[in-house]
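My questions concern the predicted model and sequence given below.
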Amino acid sequence: MKNFGAISFIALFAVIIVFGPLCTIWAFNTLFSLSIAYTFETWIASIILTSIVSGNGVSASFKK
């Protein structure tokens, strides 16, 4: 049963990685009528754009 929790977490993480960018493309298409195609290139671009916008980097103000 302990392995079930780990496997469930890994499976959920994989689903988020696959469908997260597709949901982002769908949202932009719906909100702004952009007609972006669902291709591998747009999927990768969505991942890159999300990683840039998310701001998980270290700020210079915290460095001492």
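Happy to help now that I have it. Numbers count the residues shown, from 1 in each chain.

Mind pulling up the pLDDT for residue 47?
Note on residue 47: pLDDT of 88.

go on, residue 1?
pLDDT at residue 1 comes out at 65.

ok, now how distant is residue 35 from residue 15?
26 Å (CB to CB, to the nearest Å). Glycine gets a C-beta too; all of them are placed from N, C-alpha and C.

So which of those two has more stuff around it?
residue 15 (10 against 7; other CB atoms under 10 Å).

Buried ones in the helix or strand where the more buried one lies, by neighbour count?
Assigned by DSSP states H and E, residue 15 belongs to helix 2-32. Along helix 2-32, these residues count as buried under the neighbour rule (16 or more other CB atoms under 10 Å): 21, 24-25.

which stretches of the protein have low pLDDT?
1, 55-64 (pLDDT under 70).

swap the cut-off to 80 and go again
1-2, 54-64 (pLDDT under 80).

Check the offset of the helix holding residue 15 from the chain's centre.
7 Å (CA atoms, centre = their mean, to the nearest Å).

right, and the helix or strand after that helix?
In N-to-C order, the element after helix 2-32 by DSSP H and E is helix 40-54.

can you list contacts of that next one?
Contact with helix 40-54 is made by 20-22, 24-25, 36, as judged by CB atoms under 8 Å, 6 or more residues apart in numbering.

Stretch 22-33 too?
By CB under 8 Å, 6+ apart, stretch 22-33 touches 34-36, 38, 42-43, 46, 49-50.

most surrounded residue in those residues?
The contacts of stretch 22-33, ranked by neighbours (other CB under 10 Å): first place residue 46, 18 neighbours.

before we move on, back to that, could you give the angle of the helix holding residue 15 to helix 40-54?
100 degrees (axes from the mean of the first three to the mean of the last three CA atoms, to 10 degrees).

Now do the contacts for residue 16.
No contacts exist for residue 16 under CB under 8 Å, 6+ apart.

Distance-wise, check it relative to residue 22.
From residue 16 to residue 22 the distance is 11 Å (CB to CB).

picking up where we left off before, using TSV, lay out the contacts of stretch 22-33 together with distance to residue 6.
TSV is the format used below for the contacts of stretch 22-33 (distance: CB to CB, whole Å):
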residue	distance to residue 6
34	39
35	41
36	35
38	31
42	32
43	27
46	28
49	30
50	25
